[in-house]
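Enquirer: have a look at this fold, sequence not included:
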């Protein structure tokens with residue numbers, strides 16, 4: 001119903017915060033935290049629509065506390081709305097987590113001269129194209145004109161957005177119908193990934209090496 005900040009330590013406002021953030025979603029709305037990420041967490045459309053309204057109400061309360069708070073800012077919907085909270089209450093700066101990691105690892109330099117870049121994720125879907133690690137890797141590769149392929153435990157129809165974001169082709173590694181528990185078992189996952197990668201690389205060689 002309201003926000004009370006009277007007990008917040010004064011020393012907190014003497015600190016600066018940089019927050020690694022891998023997505024660009026606003027707090028609420030069609031691309032907000034609830035409606036984009038809630039389904040994979042087990043929510044249904046009715047519940048998530050209600051949660052989206054709660055998020056909007058929450059943002060209105062926050063604006064009374066901090067008029068500069070903006071639920072539309074990129075990253076506000078990250079981690080269930082923590083991006084918005086970090087900005088609004090800590091005056092934090094959201095920085096691309098994948099960019100921080102790629103800079104630290106100097107991946108762009110290590111890509112130089114590569115024929116092919118391979119990346120991947122547990123599941124590729126629409127939200128993967130919203131700033132997650134595989135897209136960060138693909139953007140670096142595209143700056144050098146290197147083709148990019150991705151492997152994932154599973155893919156959804158929305159993963160087509162990854163093609164537009166720099167991944168030339170992606171492949172799910174599951175080879176038969178199995179349960180989630182079976183799919184994430186270490187040895188099964190290793191074997192499925194290894195077998196799928198082998199076949200894709202065979203095709204790559206056939207196309208480029210002519211054998």
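Expert: Now that the structure is in, tell me what you want to look at. Computed from a predicted structure; not experimentally measured.
Enquirer: now do the same end-to-end measure for stretch 33-53.
Expert: End-to-end distance of stretch 33-53 (Cα to Cα, to the nearest Å): 11 Å.
Enquirer: ok, and what's touching that stretch?
Expert: Stretch 33-53 has contacts (Cβ atoms under 8 Å, 6 or more residues apart in numbering) with 25, 27-29, 32, 55, 77-81, 123, 125-127, 130. Any C-beta I mention is one placed from the backbone N, CA and C, and that applies to glycine too.
Enquirer: could you do stretch 57-64 as well?
Expert: Applying Cβ under 8 Å, 6+ apart, the contact partners of stretch 57-64 are 1-3, 27-28, 69, 71, 81, 84-85, 88.
Enquirer: hang on, the earlier thing: among the contacts of stretch 33-53, find the lowest-pLDDT one for me.
Expert: Of all the contacts of stretch 33-53, residue 130 has the smallest pLDDT value, namely 72.
Enquirer: show me the contacts for it.
Expert: 23-25, 36.
Enquirer: how about those, which pair is most distant?
Expert: Across the contacts of residue 130, no pair lies farther apart than 24 and 36, at 10.6 Å, counting by Cβ to Cβ.
Enquirer: mind checking which of these two has more residues around it?
Expert: Applying other Cβ atoms under 10 Å to residue 24 and residue 36 shows that residue 36 carries more neighbours, namely 22 against 18.
Enquirer: can you give me the strands in this protein?
Expert: 18-21, 93-96, 117-124, 148-155, 169-172 (DSSP state E).
Enquirer: can you list the buried residues in the fourth one?
Expert: What that stands for is strand 148-155. Of the residues in strand 148-155, 148-153, 155 count as buried by neighbour count, 16 or more other Cβ atoms under 10 Å.
Enquirer: who are the packing partners of it?
Expert: Strand 148-155 sits against strand 117-124, helix 133-143, strand 169-172, helix 180-184, helix 186-209, with contacts defined as 3 or more Cβ pairs under 8 Å, 6 or more residues apart in numbering; DSSP states H and E.
Enquirer: between strand 148-155 and the longest one, find me the angle.
Expert: This means helix 186-209. 150 degrees (axes from the mean of the first three to the mean of the last three Cα atoms, to 10 degrees).
Enquirer: tell me the average confidence for helix 186-209?
Expert: What helix 186-209 shows for mean pLDDT is 91.
Enquirer: which helices and strands sit right next to it?
Expert: Against helix 186-209 (3+ Cβ pairs under 8 Å, 6+ apart) you get strand 148-155, strand 169-172, helix 180-184.
Enquirer: in helices, which of the contacts of stretch 33-53 appear?
Expert: Judged by DSSP state H, the contacts of stretch 33-53 include residue 55 as members of helices.
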